[in-house]
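Asks: okay, here's the prediction I keep looking at, along with the sequence it came from:
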Amino acid sequence: MKKTVLQLIILGLLLVSCKEEGQYASIPQQKVPDMVDYNFDVRPILSDKCFNCHGPDANKRSADLRLDTPEGAYKALKDSDKEFAIVPKNVEKSMVYQRITAKDSSDLMPPLDSNLKLTQYEIKVLKKWIEQGAVYEPHWAFIPVKKPEIPEVPSDWVSNEIDHFILGKLEEVGLEPNEIADKERLLKRVALDITGLPPSPEMREKFVQNDAPDAYEQIVDELLGSVHYGEKMASHWLDVARYADSHGFQNDQLRTMWPWRDWVIHAFNENYSYEKFVTYQLAGDLMPKKNMETILATGFNRNHKINQEGGIIEEEFRIENVTDRTNTFGKAFLGLTLECAKCHDHKYDPISQKDYFNTFAFFDKVIHRPKSMGEVLAEPPLITITDEVIDKELPFINKKEPEDVDVMVIEEKPDIRTTHVLNRGVYDDKGEIVEPSPPEAVMKFDTLVYERNRLGLTKWLFDERNPLTSRVFVNRVWQEIFGEGIVRSSGDFGMQGDLPTHIGLLNWLSADFMENGWDMKRLVKQIVMSSTYKQSSVVSNEKLTIDPDNRYLSRMSRLRFNAEMIRDHALATSGLLNPEIGGRSVKVYQPDGIWEAASSGRGILANYVQDHGEDLYRRGIYVFIKRTTLPPVQLTFDAATRDQCEVKRQSTMTPLQALIALNDPTILEASRVLSERLIQEESSFDEKIEAAFVRILCRSIKPQEKEMLVGYYHDQEKAFASDKQKARDFIEVGEYPILEDRDEVKVAALMQIIHTIYNLEETIVKG
Amino acid sequence: MDKEVVEHYLNTNRRHFLGKMAMGMGGVALGSLLMPDLLSGKKAAEEQLPLGLKHFAAKAKRIILLVQNGAPSQLESFDYKPKLNDMFGQELPPSIRGNQKLTGMTAGQKSFPLVGSKFSFKQYGESGTWVSELFPNIAKITDDICMIKSMHTDAINHDPALTFMQTGAQVGNRPSIGSWFSYGLGSENQNLPAYCVLLSKGKGNGQGVYSKLWSNGFLDSSHQGVQLSASEDPILYLNDPKGMDRETRRKMLDHLAAMNQLGYDEFGDPEIPAKIKQYEMAFRMQTAVPEITDVSKEPDHIKKLYGPDCMVPGTYAANCLLARKLSESGVRFVQLYHQGWDQHNNLVSEIKGQAKDVDMASAALITDLKQRGLLDETLVIWSGEFGRTNYCQGKLTKDNYGRDHHPRCFSIFLAGGGVKAGLSYGKTDELGYNIVESPVHIHDLHATIMHLMGLDHEKLTYKHLGRRFRLTDVHGHVVKDIIA
C-alpha cells in the first residue's frame, strides 16, 4: 500500500513537471494560434532556445548563422549556397525546421549538450510561422508608444478605460470579472496602496457611512493628499535607487544619504512630474537653473556601494561605481539588462558592448576623488546640509541634530577623462574610445537635439518617441499595486523578458501618462479608480484552474503586505506609530549580537546601538539599513538587499516569517499597548475584542469570529489568573511604559487575543 | 492523495518554503517524498532541468564548509617552501611576479623581500602530507583528507574574493553556493532549513562577514542561508516570549488555524492553508532546533575530541560540533565562518592563535563524522578566500613579518563525500608564488563539489532576467583526479 502511494505521488509529480510551461504561455491550453505573431509567439522561442548561438552576439555565433534578423535567416547557409535556414512558406526547404525535427541526435537542434529542448508546441509554432511567411517584426518594446483604440465592451462593470482592456481580454479567455469588493476591504486595500498605512477606524466609519456616488473617489483623493503618500511611493523608489545607510563592503561604514531620501518623499508629495523627478536625480547638477535641491537629488547616482577596504585598487572600484550607475540607469529607466553587455555583446537584445560603454561614458565623466585615508561618512563630491541651507532652500529635510550633514552628490567635468570600451569588462583592459550616447536600438541619440551629457541623456529619456521610459514606469506603478506588472519581468523589457499580458492597456496607459505631463498621482488615481482594481479577491476553483497566476485579472490578487507595511500596520493599529516624516534612520528592536557577530569590529557600525523612545515607533522606511547585515525582520519578509538596483521584490512564505510574527517584540509590544488602551476604555470585554479586531483587520467582525475570540479570551483569562507571574512576564515587553494600576491578568489575556489577531493570515494581506 | 495532487497543482504558481525545499526532479530526496506534508508546494527545479535528467549518482549528500575568513597563509600551514627560508630577505624576482597586480596596501612598497615560514613542517601519515607545526591535530588525519595546494582565484580583496568563493562572481547579487544546493536538492529534514550558517571570530585581524554571502540572490528567499546564533535564540525569534508556555502557544495556533480556515472558506485562496502549515512548521522548529543545538548532552569523549572550547557557545569549536549535529540531522549545507586570518602584520604571533582556534575542532569534526560512518556521505571543505604573498608586507625582522593578499595560489583541504583520501594535489613553484601543476580555480572547485553531490554544474540553472544562470557562470571543470 505504501508503495502504491509513493508511486502515485511520483506519478503526480511527473505529470505536473512534464506540463510544459513556457513563460510566454498565455493560454492555459496551448493551442497554436491561427495567425502566428512573431513578437508574441515566435520570438520568445527563438530567443530562449536559439539566439544563444544564432543571435546578436557576433563572438558566440555558430555556423555564421543568425536567426534574429530576416537577412540572417533567409540567406544561404555558410556550408552550402543551395541551402537556407528559413525559406518563407516552405517548411521542407527550411533547414531550421529540418534540424529541429531531426531524428538523428547529432543533427538535432538545439544540440543535446546545450541542455535546451524544443517542445512539441514550440515546434508547431515555428512550423506554422514559416508556413505563413516567416515574417519578422521589430521587438514590441522598441516600437514607439501609440495610443490604441479603447476596446468596446458592453458592460456596466467598467469604471474607466483600464477596464475596457481588461474585460476585453477576459471575454477572449472566457472568464468573468468579480463583483466590486465590500467597502471595508476595498478601503483597507486602497489605503495601503496609496499611503502604506491601514485606514484609521474614523476613516473607515466615514467611508462606510458615506452613500454618495463618489464616496470612493473622495477617499482616494483624501489618501492621495496625505503626507504618507510620499512615504509609500518612496519605499519602492529606495529599492530602485539602492538606498542604504552604510557603504557596504568589509567595514561597512556609516553613510548619511538620508537627506536625499527626505527629498524623494518631498518630491512625491509635491507630485513632481516623473520627468522632473528623474531629471533632478540624473542631471540636477547640469540643469541651467540648478540649485541646492537639484544637486541634492543627484545623490541618486551616489547611492551605490563604496569599497573602503584598505587594499583596493582605486581605479577598479571607480569603474565598479560607474558600472553600477550605468546598470541602474538601464534597469530603472529603460527596463533593460544593460549589464549583460558589459563584457560582450548582449546575447539577446540589440545592445552591443560598445553601446554599453557609450552609455557608461555619461556616468564616467564625473569627478571621483581618491578616497581620503580612513573611513568617511560621505566621499566627495558632496554638499553640506547646514541649518541655514535647510531654512533657506531645503525645508523638507528633517534634521534634528545640531551637526551638519554631508550628502554625496554628482559633479561633472566633461574632459576629465576619455572613456574606453573595456575588453571583457576588465577595468584596465582598454579598447576603443567611446563618446556618450545611449543604446541606438532604443532610440537614436540626435546630438543636434541633445547635449552629450546626462542632461541630454535625460531629454532623450523623456522624448515622447522613446519607447521605453513611460512603459517601464507605468508598468512598475501597476506592479506595486497589483503585485505583478503588465510586463511581469519589470526589470527586463528586452527579448528575453515576459511579454505584456495586455499590450493594448500598457500602450494606452503609457501614452496617456505622457499626454498628461507624466503626472504620477494622476496615474495612481487612474489605476485605483478602475473596477479591475476595485473587484473582490475571492477566487473560485475554476479561476484557480484556468488562471492560477491571475494574469487576466478576473479577480484582485490577495497580496501579502511588504516588510515595511507589516511594521507600519502593527504600529498604526496599536496607536504606537510615530508619524514623523524623514530624518536620520532609526535603529529599532533587533535581537542582540547580530551586527557584532558579523562585523570586523571596526567603524561606527561595529556595534548595534538601539534607539529609544519615539524613534522606536517610526515607519519601516526609516529603519536603518546596514548593507552587510540587513535588518533581520525586513530581510525575512523579502525586503530588497540594496546591493544594487531592484525593481521587484519577491513575496515568499516561510516558517521564519511565522516565528517573527509570533515572537518579535515589535508585534508583542503593539499587542500589549493596544490591550492597555482598550482596557482603559469604558466597555465590555466583548466590545474590546471587537474593537481590536476592527482596528487590526479594518473590517467588522463576524459573529462566528467574535464567538471564537471571546471564548478564547475567557480561557486565557482563567489561565493567566491561575499564574499571575506569567501574566506579568508576558506583558513586560517593549520599552513603551507599562500602564500602571492595571489588572495584569486582564491585560495579558486581552493582549494574547490581540496578538492572535495580529497573526491572522488576513491581517497582513491586501484582500 | 488525489486531493493533495490537486492542491499541488493549484499551488504551482506559489512560492512555498516546504515545496521548494523538497522538490526538484533533479535530485529529489526520497525521504522527503515520503512526507506528505512536503507535497503541497510549488515544483521547483524540474523546469530548470530542461532534459529532466537526474545528473549523476551522488557520492555526497551533505556539505560542511569551513570558511577560514581572512585568508590563512598557505606558507605557514600546508604548502612547505624551505627555499623561502634559504632566500630570507632576498627580493622576489620580477620574472616570478610577472604582471600580478598588488593590493593598495603593498603597491607603494619599494621592496618585496622573501620570507619563509617561522614554523617547521613535517610529513605525516602514510600519505606523507606536509603539515606545519601549527596544526598538530590536522596532521593526525592527513590520511583522511585531500589537500589541494593549487587553488587560485580572480580577486585580491576580501569582499570580492569571499563573494566569488560563495557565489561564483565577485560582484552582483548571485545566489550563494548553499542556496544553489537548497534549490537543487532541497532539505532532508522538514523541521530544519536546508542551509545553515554559523559565525565565529578569532583574535586575529577581522574582516567582517556579510549576510549577502549566504544570500539566495535571485533564487526564492526560502533558499537563503539561515544564520544560527550562539545566543539563547539559535534561530532568530525562535523562542516563545516570556510568560508563554508551549501549551498556550499550541492553543494560539489552534485558534489561528480555525480562524484562518474561515478566511479560506470565504476566499478560496490556497495561500491560506499554506500559511497554516507554515505556522505548524514554525511550531515544530521551536522544539526541533533547540534539541539539535543543545550540545550539552554530548558524551564526554566527544567533548574531549572537540576540545574545551566546544562548550563555549559562539566559538569555532562549538560551531564545529553544532555543524556535525545539524548535518547529521539532514541539513544539506552547513557553513562556518571563522574570522581573523588576515595577517598583514604580526603574522607570527597572530596565526598561532588562529590555528589554535581551528586545528583541534576541524580535525575533530572529520574524525567524529568518520566514527559515525557519516564521512562517506558528508563532504567537508576547509578553505580561505585566497592565499598570501611569499614576500613580507611591512617591516621584515628575524622574528616577525606579515603577508599581503595573494590570489595566484593557496591551499585548501577536503574530506569525505567521495574525494580521494590521503592525496596531495597540485603544486606551486619552489618560491610558492605560482602554480606549476594542476591548477584548480574556484569555478573548478564549485563544479567538483556539485559533481560530488550528484549535480552537473552546467545543468543546474536558474532563469533570471532572461538568462540561465549557474553557480559556475560559463566556466568550471570537474577535477576528476581528486574524486575517489
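Replies: Received it, and whenever you're ready, just let me know what you need. Since this is a predicted model, take the numbers as computed values, not measurements. Residues are numbered from 1 along each chain as shown, chains lettered A, B, ... in the order given.
Asks: residues from the stretch 51-200 of chain A in reach of chain B?
Replies: Proximity of the stretch 51-200 of chain A to chain B is confined to A:112, A:115, A:116, A:117 under the rule Cβ under 8 Å from any Cβ of the partner chain. Bear in mind the C-beta positions are built from the backbone N, C-alpha and C, glycine included.
Asks: the third one contacts residue A:49, doesn't it?
Replies: Yes - using Cβ atoms under 8 Å, residue A:116 makes contact with residue A:49 at a distance of 5.0 Å.
Asks: related to what we said a few turns ago, save the residues of the stretch 51-200 of chain A next to chain B as a markdown table, and put in secondary structure, pLDDT and neighbour count too.
Replies: As requested, these are exported to a markdown table (DSSP: H, G, I helix; E, B strand; the rest coil; pLDDT from 0 to 100; neighbours: other Cβ atoms under 10 Å in any protein chain shown):
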| residue | secondary structure | pLDDT | neighbour count |
| --- | --- | --- | --- |
| A:112 | helix | 86 | 12 |
| A:115 | coil | 82 | 18 |
| A:116 | coil | 87 | 17 |
| A:117 | coil | 89 | 15 |
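Asks: for chain A, which spans come out with low pLDDT?
Replies: For chain A, applying pLDDT under 70 flags the ranges A:1-30, A:370-374.
Asks: ok and the residue in it nearest chain B?
Replies: Distance from chain B to each residue of chain A (Cβ to the nearest Cβ) is smallest for residue A:496, at 2.3 Å.
Asks: the residue nearest to that residue when sequence neighbours are not counted: neighbour count?
Replies: Excluding the flanking residues, the one nearest residue A:496 by Cβ to Cβ, 6 or more residues apart in numbering or on different chains is residue B:466, at 2.3 Å. Close neighbours of residue B:466, defined as other Cβ atoms under 10 Å in any protein chain shown, add up to 22.
Asks: just confirm residue B:122 is within a strand.
Replies: Yes - counting by DSSP: H, G, I helix; E, B strand; the rest coil, residue B:122 is found in a strand.
Asks: was I right about the residue nearest to residue A:496 contacting residue A:498?
Replies: No - Residue B:466 lies out of contact with residue A:498 (Cβ under 8 Å); the separation is 9.3 Å.
Asks: C-terminal to the helix or strand bottoming out on mean pLDDT in chain B, what's the next element?
Replies: When the helices and strands of chain B are compared on mean pLDDT, DSSP states H and E, helix B:30-33 comes out lowest with a mean of 26. Reading on from helix B:30-33 to the C-terminus, the next helix or strand found by DSSP states H and E is strand B:62-69.
Asks: so what strands line up beside that following strand?
Replies: In the sheet, strand B:62-69 lines up against strand B:333-339 (parallel), strand B:378-383 (parallel) (DSSP bridges).
Asks: how close does the closest residue to chain A within the stretch 351-484 of chain B sit to residue B:175?
Replies: Chain A sits closest to residue B:466 of the stretch 351-484 of chain B, with a gap of 2.3 Å, by Cβ to the nearest Cβ. Residue B:466 sits 17 Å away from residue B:175, going by Cβ to Cβ, to the nearest Å.
Asks: again with residue A:80
Replies: 44 Å.
Asks: so which of those two has more stuff around it?
Replies: Under the neighbour definition other Cβ under 10 Å, residue A:80 and residue B:175 were set side by side, and residue B:175 has more, 27 against 9.
Asks: my read: that one touches residue B:213, true?
Replies: No - shown here, residue B:175 and residue B:213 do not form a contact pair, counting by Cβ under 8 Å, at 11.0 Å.
Asks: what does the stretch 301-450 of chain A put close to chain B?
Replies: Counting by Cβ under 8 Å from any Cβ, the stretch 301-450 of chain A comes close to chain B at A:307, A:309, A:310, A:311, A:312, A:313, A:314, A:320, A:337, A:340, A:347, A:348.
Asks: how about those residues, which pair is most distant?
Replies: Farthest-apart pair in those is A:310 and A:348; separation 39.8 Å (Cβ to Cβ).
Asks: show me which of the two is the more surrounded one.
Replies: residue A:348 (25 against 16).
Asks: part of a strand, is the more buried one?
Replies: No - in this structure, residue A:348 is coil, not part of a strand, as judged by three-state DSSP.
Asks: joint contacts of residue B:466 and residue A:498?
Replies: Common neighbours of residue B:466 and residue A:498, using Cβ atoms under 8 Å, 6 or more residues apart in numbering or on different chains, are A:489, A:492.
Asks: list the residues that contact the residue lying closest to residue A:134 once chain neighbours are set aside.
Replies: The shortest distance from residue A:134 to any non-neighbouring residue, by Cβ to Cβ, 6+ apart, is to residue A:88 (4.3 Å). By Cβ under 8 Å, 6+ apart, the contact list for residue A:88 reads A:74, A:130, A:133, A:134, A:135.
Asks: which residues are in contact with each of residue A:116 and residue A:49?
Replies: What both residue A:116 and residue A:49 touch, as defined by Cβ under 8 Å, 6+ apart, is the set residue A:110.
Asks: so the residue nearest the centre of chain A versus residue A:344, what's the distance?
Replies: Ranked by distance to the mean C-alpha position of chain A (Cα atoms, centre = their mean), the top residue is residue A:648 at 2.6 Å. Residue A:648 sits at a distance of 26 Å from residue A:344 (criterion: Cβ to Cβ).
Asks: show me the contacts for residue A:161.
Replies: A:150, A:508, A:512.
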